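Novice: Just need the structure, nothing else, for what follows:
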Amino acid sequence: MAGGKSETPVSLSDRELQIIDLVAAGLTNQEIAGKLEISKRTVDNHISNILTKTETENRVALVRWALQWGKVCLNDVNCCLLPNQSE
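Specialist: Below you'll find the model as predicted:
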């Protein structure tokens, strides 16, 4: 896969999937922290863990990975039912 090494889906928590969705929406770590009512440092840690789990090097590669594995839905592309989306 161009832009990332991961070739298989990995196990991510609901919170990690939520953070990936917000990264894909273009939010900064500070904006994600405010939206989720958690500290920026907690977001930084989540993103670091997510990058490690997905074997991606940066946010762009992470979003590409998430699109490839159906973890995010952007502008009606690759749409899927995400955790907590129906609430």
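Novice: all contacts plus neighbour counts: C-alpha atoms, from now on.
Specialist: OK.
Novice: Can you give me the pLDDT of the residue nearest the centre of the chain?
Specialist: Residue closest to the mean C-alpha point of the chain, counted by Cα atoms, centre = their mean, is I20 at 1.5 Å. Here, the pLDDT recorded for I20 equals 96.
Novice: helices and strands around the longest helix along the chain, which ones?
Specialist: With DSSP state H applied, the helix covering the greatest number of residues in the chain is identified as helix 40-54. For helix 40-54, the contact count by 3 or more Cα pairs under 8 Å, 6 or more residues apart in numbering; DSSP states H and E identifies helix 14-24, helix 29-36, helix 59-68 as packing neighbours.
Novice: Need these in TSV (columns: distance to T52).
Specialist: Shown next, in TSV, are the helices and strands packed on helix 40-54 (distance: least, Cα to Cα, whole Å):
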stretch	distance to T52
helix 14-24	12
helix 29-36	17
helix 59-68	10
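Novice: Out of those helices, which gets nearest to T42?
Specialist: Ranking those by proximity to T42 (Cα to Cα) places helix 29-36 first, at 7.8 Å.
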